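**Student:** With the input below, show me the fold.
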Amino acid sequence: MNTSFITTHDPEYDKAFWNAMKGNNASAETLSSGKTSMGTIKLPSYTAGKFSEALAKESLFRNIGTVLYNQGDHKFWARDCDDTASFVPEGTAIPIYDGMEDFTPYDIYSHKLAAVIRMDEDFVFSPGYNFEKHMTAHLTKAFSRAEEKAFITGNGTTEPVGILSDNGGAEVGATASALTYDDVVALYFSVKPEYRKNGKWLMNDETAFALRRVKDADGNYIWNHSNDTILGKEVMISEFMPNAAAGASPVAFGDFSYYTIVDRDHTSVKALREKFAMNSQIGYLGIEFLDGKLVRPEAVKVLKIEG
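**Tutor:** Predicted structure coming up:
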């Protein structure tokens, strides 16, 4: 069979990939279209699709942000203006402007995210074990946690630009010495109405617990305990948001759809048999390349604790 035209979409590739993952004989020529310079092999297209769906469900920011796929270009364009409409008197010219200036180019980097998972050999080779399902689940969990942390605290150098980054992250909407009712309201109104419309809150468990007890001067809770919202907006929890300590920004609010995630290449995997053989396990190294940044810093703002 001529394997020179076999791609990651083909059944032959799928079969060879899973044989390689189990350590069975697999044609290197069949897998050549998915081989990377790091020695990893790209997931078969069918598995890659299921992995992407699982990651989209598991990942907080892939749910609330905007996801793009850009393999070749080193820039993406984002619209950076507000559309307007105006009434035009009869017989007067309709105002037209050149919208090209509305688009801002953003550099895209390929930050490498690596995850190593381990699976017992007994399970891998068991006839009743759904190897594909479990590998996908393990990789999804590992990557979603690492992504969430980077999209919040990433430095923009070796990682994507996180929303808490001092350079390119969210703007400071309010400062406070503690978590008070007035300061949370101040953060809410520091965000423009067009971003408040689809706004969400982001904080960790400790901050959420503290805000559940905060009241105004009349004894009204700022937290709606019947539907877990603040000022009518959903609260999202992430363990990677900081506690309310001096110098930290424990609460973010705004429209997170302006956080753009760029997948730079398809996920690839390599079996690490020797390293874990002593424990009767097989290790799997998963690699993905991605970038992320808040294209409108004013769309999300943070409450910063003074100190």
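**Student:** Break this structure down into its domains, please.
**Tutor:** As given by automatic domain parsing, the domain ranges for the chain are 1-35, 171-258+297-305.
**Student:** Any idea which of those domains gets closest to Y109?
**Tutor:** Nearest to Y109 among the domains of the chain is domain 171-258+297-305; the distance by C-beta to C-beta comes to 18.0 Å. Bear in mind the C-beta positions are built from the backbone N, C-alpha and C, glycine included.
**Student:** Show me the one of the domains of the chain that comes nearest R118.
**Tutor:** Here domain 1-35 is closest among those (C-beta to C-beta), at 13.2 Å.
**Student:** Which of the residues in the closest one are classified as buried?
**Tutor:** For domain 1-35, the neighbour count (16 or more other C-beta atoms under 10 Å) marks 3, 6, 8, 10, 13-14, 16-18, 20-21, 26-27, 30-31, 33-34 as buried.
**Student:** Buried residues in the longest helix along the chain, which are they?
**Tutor:** Using DSSP state H, we find that the single longest helix of the chain is helix 131-153. Buried residues in helix 131-153, counted by 16+ other C-beta under 10 Å: 132, 135-136, 138-140, 142-148, 150-153.
**Student:** ok, back up a step: from the buried residues of domain 1-35, which land in helices?
**Tutor:** In this view, these that belong to helices under DSSP H are 13-14, 16-18, 20-21.
**Student:** Make TSV from those residues and add distance to A246 and pLDDT to it.
**Tutor:** Below are the ones in helices among the buried residues of domain 1-35 laid out as TSV (distance: C-beta to C-beta, whole Å; pLDDT from 0 to 100):
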residue	distance to A246	pLDDT
Y13	55	96
D14	54	95
A16	56	95
F17	51	95
W18	52	93
A20	52	92
M21	49	93
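**Student:** Could you export stretch 61-73 as CSV, keeping only the C-alpha atoms?
**Tutor:** Output in CSV follows, covering the C-alpha atoms of stretch 61-73 (Å, rounded to 0.1, in the frame of the first residue of the first chain):
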residue,chain,number,x,y,z
PHE,A,61,-11.6,29.9,29.7
ARG,A,62,-12.4,28.0,26.6
ASN,A,63,-16.0,28.2,27.8
ILE,A,64,-16.0,32.0,28.4
GLY,A,65,-13.3,33.2,26.0
THR,A,66,-12.9,33.2,22.2
VAL,A,67,-11.0,30.3,20.7
LEU,A,68,-9.2,30.6,17.3
TYR,A,69,-7.0,28.1,15.4
ASN,A,70,-4.0,29.7,13.7
GLN,A,71,-1.2,27.4,12.6
GLY,A,72,0.8,29.5,10.1
ASP,A,73,0.4,33.2,10.7
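**Student:** just to revisit the earlier point, which neighbouring elements make contact with the longest helix of the chain?
**Tutor:** If you count contacts as 3 or more C-beta pairs under 8 Å, 6 or more residues apart in numbering; DSSP states H and E, helix 131-153 packs onto helix 11-22, helix 45-58, helix 60-64, strand 111-120, helix 121-124, strand 259-263, strand 281-294.
**Student:** Can you name the residues that contact the spatially most central residue of the chain?
**Tutor:** Centroid-nearest residue in the chain: F61, 4.0 Å away (criterion: C-alpha atoms, centre = their mean). Residues in contact with F61 (C-beta atoms under 8 Å, 6 or more residues apart in numbering) are 147-148, 151, 256, 259, 261, 292.
**Student:** Return the residues in contact with the closest residue to L272 other than its chain neighbours.
**Tutor:** Distances taken as C-beta to C-beta, 6 or more residues apart in numbering place G283 nearest to L272, at 3.6 Å, with adjacent residues excluded. G283 sits next to 116-118, 271-273, 275-276 when contact means C-beta under 8 Å, 6+ apart.
**Student:** Can you name the residues bridging to G283?
**Tutor:** Beta-bridge partners for G283, by DSSP bridges, are R118, L272.
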